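Peer 1: Could you look at this predicted model? Sequence included:
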Amino acid sequence: MKRQASLLLSLGLLALMLTACLNDSSSATPSLPKPVPTESQLSPSPSPSVSESPEPSPSLPAEPEQREATLIAIGDIMVHMPQLPAYYNSTSKGYNFKPWFSQVKPILEQGDWVIGNLEAPIAGQDLKYTGFPRFNAPYELAEAVVDAGVQLVSTANNHTMDRAFPGVERTLANVKKAGLVPIGSSATAKEQQRMVIEERNGIRMGFLAYTYGTNGIPVPKDKAFAVNLIDPEVIKKDIARLREAEVDVVTVSLHFGVEYQRLPNEQQTKLAHELVKAGADIILGSHPHVVQPYEEINIPASESYNGAPHRGVVIYSLGNFISNQTEDWKDVGLIFGVHLVKTRLPDGSYSTEWDKITTEPTWVHILWKKQKRYYTIIPMKAALSEQNIPGLTAKDYSKMKTLLNGINKHLVKLQTKT
């Protein structure tokens with residue numbers, strides 16, 4: 001009995017000692033089983049630690065102070081009948097026009113937006129391929145233009161109706177199929193009301209396009225939406241709509257002026273100034289088939305659409321980019337670049353302006369071989385610097401040197417007046 005009491009006492013003392021030891025050592029406290037994480041908790045980001053004075057959560061990265069992007073514009077994309085034979089493959093029964101653009105493709109690919117004037121319907125072989133005076137080009141033209149880096153095309157020009165309204169519908173379907181964004185013609189009234197807004201590097205650019213007429217080919221009265229005709233009041237309203245949509249830049253393509261005239265006339269300059277006052281930033285001219293100079297237009301706050309000083313730029317004619325027309329400057333075109341900067345202001349709002357103009361004059365070289373004509377658009381500045389383009393002769397380089405000097409002087413003729 002005494003031995004049992006002694007044993008019980010010893011066990012009690014031992015239990016008290018173990019309890020004391022466990023209370024002194026936190027590491028011996030058994031941990032609770034961890035809950036299985038849910039899918040939303042399986043995140044690579046660490047959970048914030050809890051402290052008596054929690055630090056504020058990190059803020060989101062600040063918006064960049066500046067954004068930059070460049071618009072590149074080219075002139076008339078045309079297909080005359082002599083341009084077809086050398087590019088037809090009798091086996092595939094199709095065309096390949098990509099060689100035309102091989103030398104300028106690296107330049108066009110540098111643009112954030114790249115736009116040209118598509119001066120020919122692409123309405124299908126069943127409506128017959130023809131050149132002047134009523135054009136219709138193969139579908140492969142659209143594919144080649146996309147391959148060269150062009151993204152948007154103005155389809156509002158004096159040849160829009162060359163295959164009547166069915167040609168308008170087919171052209172729009174084909175350029176869209178190829179991956180181009182058309183501006184200035186429409187297949188429905190609803191489509192005419194669409195706003196073409198393309199964003200690059202955080203800069204939103206709105207595009208509009210209009211023509212002076214359609215070579216006397218009537219636009220059906222019940223399909224007035226087919227092509228945008230130049231009407232200053234309509235254009236101003238369209239610019240205002242884009243501004244209300246909070247675009248950063250408005251670019252307007254205008255098919256106007258007089259063919260083969262190397263300087264803009266009074267109607268062109270008056271309209272350009274009027275549209276810059278109304279909020280246009282960039283105006284791209286076409287129709288003369290020769291390059292006309294560019295002009296910087298500064299509008300004072302008292303005359304500007306928003307009561308603030310406004311600056312625009314207009315190239316009155318970009319000339320022919322590709323065609324069969326030669327001599328008298330008709331085979332000289334222009335790759336026109338406008339560099340844009342969008343700046344965040346102290347109050348958090350943004351201001352977008354162009355700060356640099358680039359001009360890359362081009363020349364269409366035509367090589368006769370086996371009674372066929374082969375065409376290459378040559379960027380003259382680079383060609384004269386490197387002199388390594390196959391098929392060009394010393395005579396060609398000499399001609400380009402004369403053309404380049406002449407067109408560079410011509411481009412800035414209007415700058416002395418501003």
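Peer 2: Noted; the coordinates are in hand.

Peer 1: Show the residue spans covered by the strands in the stretch 51-200 of the chain.
Peer 2: For the stretch 51-200 of the chain, the strands defined by DSSP state E, counting those that start in this stretch occupy 66-77, 88-89, 94-95, 113-118, 152-154, 181-183, 196-200.

Peer 1: what separates the fourth one from the chain centre, distance-wise?
Peer 2: Relative to its parent chain, strand 113-118 has a centroid offset of 8 Å by CA atoms, centre = their mean, to the nearest Å.

Peer 1: cool, and stretch 270-286?
Peer 2: The chain centroid and the centroid of stretch 270-286 are separated by 18 Å under CA atoms, centre = their mean.

Peer 1: coming back round to it: of the strands of the stretch 51-200 of the chain, which approaches P379 most closely?
Peer 2: P379 lies closest to strand 66-77 among these, at 11.2 Å (CB to CB). All C-beta spots, glycine's among them, are computed from the backbone N, C-alpha and C.

Peer 1: before we move on, the earlier item: in a markdown table: the strands of the stretch 51-200 of the chain, plus mean neighbour count and distance to P293.
Peer 2: Shown next, in a markdown table, are the strands of the stretch 51-200 of the chain (neighbours: other CB atoms under 10 Å; distance: least, CB to CB, whole Å):
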| stretch | mean neighbour count | distance to P293 |
| --- | --- | --- |
| strand 66-77 | 23 | 14 |
| strand 88-89 | 12 | 38 |
| strand 94-95 | 18 | 35 |
| strand 113-118 | 27 | 18 |
| strand 152-154 | 27 | 20 |
| strand 181-183 | 21 | 24 |
| strand 196-200 | 16 | 27 |
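
Peer 1: The nearest residue to I122 once chain neighbours are set aside - how many residues pack around it?
Peer 2: Residue nearest to I122 in three dimensions, not counting chain neighbours: N174, with 4.5 Å by CB to CB, 6 or more residues apart in numbering. As a burial measure, N174 scores 21 neighbours (other CB atoms under 10 Å).

Peer 1: okay, the strands of the stretch 51-200 of the chain in CSV with mean pLDDT next?
Peer 2: Shown next, in CSV, are the strands of the stretch 51-200 of the chain (pLDDT from 0 to 100):
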stretch, mean pLDDT
strand 66-77, 97
strand 88-89, 96
strand 94-95, 97
strand 113-118, 98
strand 152-154, 98
strand 181-183, 98
strand 196-200, 98
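
Peer 1: Reformat those as TSV; add distance to L263.
Peer 2: Shown next, in TSV, are the strands of the stretch 51-200 of the chain (distance: least, CB to CB, whole Å):
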stretch	distance to L263
strand 66-77	16
strand 88-89	39
strand 94-95	36
strand 113-118	19
strand 152-154	22
strand 181-183	26
strand 196-200	30
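
Peer 1: OK, contacts around the closest residue to G149 other than its chain neighbours?
Peer 2: Computed as CB to CB, 6+ apart, the closest residue to G149 that is not its neighbour in sequence is L108, at 3.5 Å. By CB atoms under 8 Å, 6 or more residues apart in numbering, the contact list for L108 reads I72, I74, F101, V114, A148, G149, V150, I335.

Peer 1: Pull the most distant pair out of those.
Peer 2: The most widely separated members of the contacts of L108 are I72 and F101, with 13.0 Å between them, by CB to CB.

Peer 1: so P232 makes contact with A272?
Peer 2: No. With contact defined as CB atoms under 8 Å, P232 and A272 do not form a contacting pair (10.8 Å).

Peer 1: okay, the two: which has more neighbours?
Peer 2: More crowded of P232 and A272, by other CB under 10 Å: A272, with 24 against 13.

Peer 1: Which residues belonging to stretch 204-218 are considered buried?
Peer 2: Using 16 or more other CB atoms under 10 Å as the test for burial, stretch 204-218 gives R204, M205, G206, F207, L208, A209, Y210, T211, Y212, G213, T214, I217.

Peer 1: Now do the SS call for the fifth one.
Peer 2: Just to be clear, that refers to L208. Counting by DSSP: H, G, I helix; E, B strand; the rest coil, the backbone at L208 sits in strand.

Peer 1: wait, what's in contact with it?
Peer 2: Neighbouring residues of L208 by CB under 8 Å, 6+ apart: I183, G184, V196, N228, I235, D238, I239, L242, V250, T251, V252, S253.

Peer 1: could you redo the last one with a cut-off of 6 Å?
Peer 2: Counting by CB atoms under 6 Å, 6 or more residues apart in numbering, L208 touches D238, V252.

Peer 1: in the stretch 301-418 of the chain, which ranges drop under the pLDDT threshold?
Peer 2: Low-confidence segments of the stretch 301-418 of the chain, defined by pLDDT under 70: 416-418.
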